Every structure is written in C-alpha cells, then in structure tokens.
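Student: Only the shape, not the letters, is given here:
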C-alpha cells in the first residue's frame, strides 16, 4: 500500500513561486508514474503535471505549461512541483497521485494523497 503525503502549500502572492513536495512510502516508487492534480472550490479535479517512471518524460496541463516543473527523486521517494509566476487562478487543493501510466486521466492513478492547500492572493 503506497502512502502519499503532500507538503509545501500555503499563502503566496501572485507572481511569486512555491514548491510542493509529495513524500511517498510503502512501495518502490521507481516503477510508478507520478502526477499532480488540483481541485478548486466548486470545480472538477484538474490535471497539472505528470512524470513517467520509464524515462522521466514530463507532461503538463495547459493552464500551467511554461510555469511549472515536475521532478522526482526515486532514491528519496519524493515528487516535487515547482510553480513560478503563480496566479490567483492557481488557488486550489493540490494532490499527488501514483499510477502505472503517465497520463492526465485521474482514473488511471491508484494512490492519492490528502492534498495541500495553495492560496494565491493579489
């Protein structure tokens, strides 16, 4: 059973940066693709970014492309999301997910964290 814990959320001013981290335990994460999703109040869950376990290729959602970088450290079992030039529209709960495929379909992910709140103020 894979257990995921997100951290790094909080209040950030528009235009600033922050890094979210997901710490994983309970499995060999080097064999899993990993991703970030987010959900704002009253909205559906939205894909943010993913990284493949095969070749560490990355994939980004249109709303964050060019502003975010996803990375992983298999030795430490961690997944990071660096966000730059944040906007009020980035306000959401951010979730880490793990699955066998790097995809923007949330149904393809088997394990999820509890989420970390990010609030961007202008």
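Tutor: Thanks, I have it. This is a predicted model, so every value here is computed, not measured.
Student: In terms of helices and strands, where is residue 53?
Tutor: For residue 53, there is no enclosing helix or strand under DSSP states H and E.
Student: Also residue 20?
Tutor: Assigned by DSSP H and E, residue 20 falls within strand 18-25.
Student: Each with direction, which strands does that strand pair with?
Tutor: Strand 18-25 pairs in its sheet with strand 3-7 (antiparallel), strand 78-83 (antiparallel), by DSSP bridges.
Student: for it, which positions count as buried?
Tutor: For strand 18-25, a neighbour-count test (16 or more other Cβ atoms under 10 Å) marks 18, 20, 21, 22, 24 as buried. No exception for glycine: its C-beta is placed from N, CA and C like everyone else's.
Student: coming back round to it: can you lay out the strands paired with strand 18-25 as TSV showing mean neighbour count?
Tutor: TSV is the format used below for the strands paired with strand 18-25 (neighbours: other Cβ atoms under 10 Å):
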stretch	mean neighbour count
strand 3-7	17
strand 78-83	21
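Student: With residue 119 as the reference, name the closest of the ones you listed.
Tutor: Each of those was scored for nearness to residue 119 using Cβ to Cβ, and the closest is strand 78-83 (12.6 Å).
Student: Quick check: next helix or strand after the closest one?
Tutor: Using DSSP H and E, the helix or strand that follows strand 78-83 in sequence is strand 92-99.
Student: what does that next one contact?
Tutor: 2, 4, 6, 9, 20, 22, 24, 27, 29, 32-40, 43, 45-46, 48, 79, 81, 106, 108-118 (Cβ atoms under 8 Å, 6 or more residues apart in numbering).
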